[in-house]
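Trainee: how does the following fold in three dimensions:
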Amino acid sequence: MSELLILASSSPRRVQLLELIGYPFITRPSSIAQENINAPLPRGVELLALEKARDVASELDRGAVLGADTVVELEEEIMGKPADRQEARRMLEKLSGKKHRVCTGLALVKAGEANDFILDHAVTGVSFRPLAKEEIESYLDHEDWGDKAGAYAIQGKAGVFVDKIEGCYFNVVGLPVSKTYQLLCRWGMQPSRYWRKVNGVQQDIY
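Mentor: I've put the predicted structure just below:
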């Protein structure tokens with residue numbers, strides 16, 4: 001029997017991206033809210049991901065728990081999810097016309113074994129063109145920005161703000177697909193085994 005994979009997140013974006021990898025999983029959101037980062041990036045975001053994964057792993061007796069956390073960094077200022085519209089506006093005004101980094105930390109933790117884990121991260125450079133105030137206000141009126149690091153979702157209308165991207169696009173959405181695949185392989189889970197179907201039917205490993 002293959003190892004159970006648990007995603008410590010309820011984010012629809014992370015669920016959809018993890019599904020692309022092909023390894024069966026279940027979700028069990030962490031109760032840990034994003035806290036202040038107490039280490040330089042990207043190490044700091046790895047530690048946040050580890051905290052989330054450990055939170056879920058402490059309640060289970062089998063499986064591997066995947067934690068992830070994403071932040072935006074501009075000129076050493078770390079931007080998480082905005083608390084309100086005013087903060088979201090401030091973030092977008094600062095991002096306007098500049099290049100920033102999107103950092104995602106990844107952690108795999110063995111259920112019931114807080115010290116049995118591996119970490120990784122992905123960093124993507126994103127350049128915004130200069131934004132007009134009217135564009136920012138219209139975006140805030142019509143898009144769901146409240147649960148997005150840096151107050152924007154590249155896969156939505158904010159895609160028109162982006163001039164250039166350097167690195168993994170999926171990382172900006174919320175989960176670096178290739179890095180996550182490699183992390184699972186390092187754990188010995190080998191997602192590619194589940195790309196095969198038997199008689200046209202994907203097999204349930206549980």
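
Trainee: C-alpha from now on. contacts and neighbour counts both.
Mentor: Will do.

Trainee: three-state assignment of residue 71?
Mentor: strand (DSSP: H, G, I helix; E, B strand; the rest coil).

Trainee: can you check residue 164 too?
Mentor: strand.

Trainee: ok, it - contacts?
Mentor: 126-128 (C-alpha atoms under 8 Å, 6 or more residues apart in numbering).

Trainee: just for this protein, where's the confidence low?
Mentor: 1-2, 34-35, 197-206 (pLDDT under 70).

Trainee: distance from the lengthiest strand in it to the middle of the chain?
Mentor: Secondary structure of the chain per DSSP state E: the longest strand is strand 113-128. The chain centroid and the centroid of strand 113-128 are separated by 9 Å, computed with C-alpha atoms, centre = their mean, to the nearest Å.

Trainee: ok, that strand: who's next to it in the sheet?
Mentor: Strand pairing for strand 113-128, using DSSP bridges, gives strand 99-110 (antiparallel), strand 162-166 (antiparallel).

Trainee: so of these, which one's packed in deepest?
Mentor: For the strands paired with strand 113-128, average neighbour numbers computed from mean count of other C-alpha atoms under 10 Å are highest in strand 99-110, which has a mean of 26.

Trainee: and the strands in the chain?
Mentor: For the chain, the strands defined by DSSP E cover 5-7, 26-27, 64-74, 77-79, 99-110, 113-128, 162-166.

Trainee: and the longest helix anywhere in the chain with strand 113-128, angle?
Mentor: The residue-count maximum for a helix in the chain (DSSP state H) belongs to helix 43-57. With axes from the mean of the first three to the mean of the last three C-alpha atoms, to 10 degrees applied, the angle from helix 43-57 to strand 113-128 works out at 130 degrees.

Trainee: right, and residue 145 touches residue 154 too?
Mentor: No: taking C-alpha atoms under 8 Å as the definition, residue 145 is not a contact partner of residue 154, at 10.7 Å.
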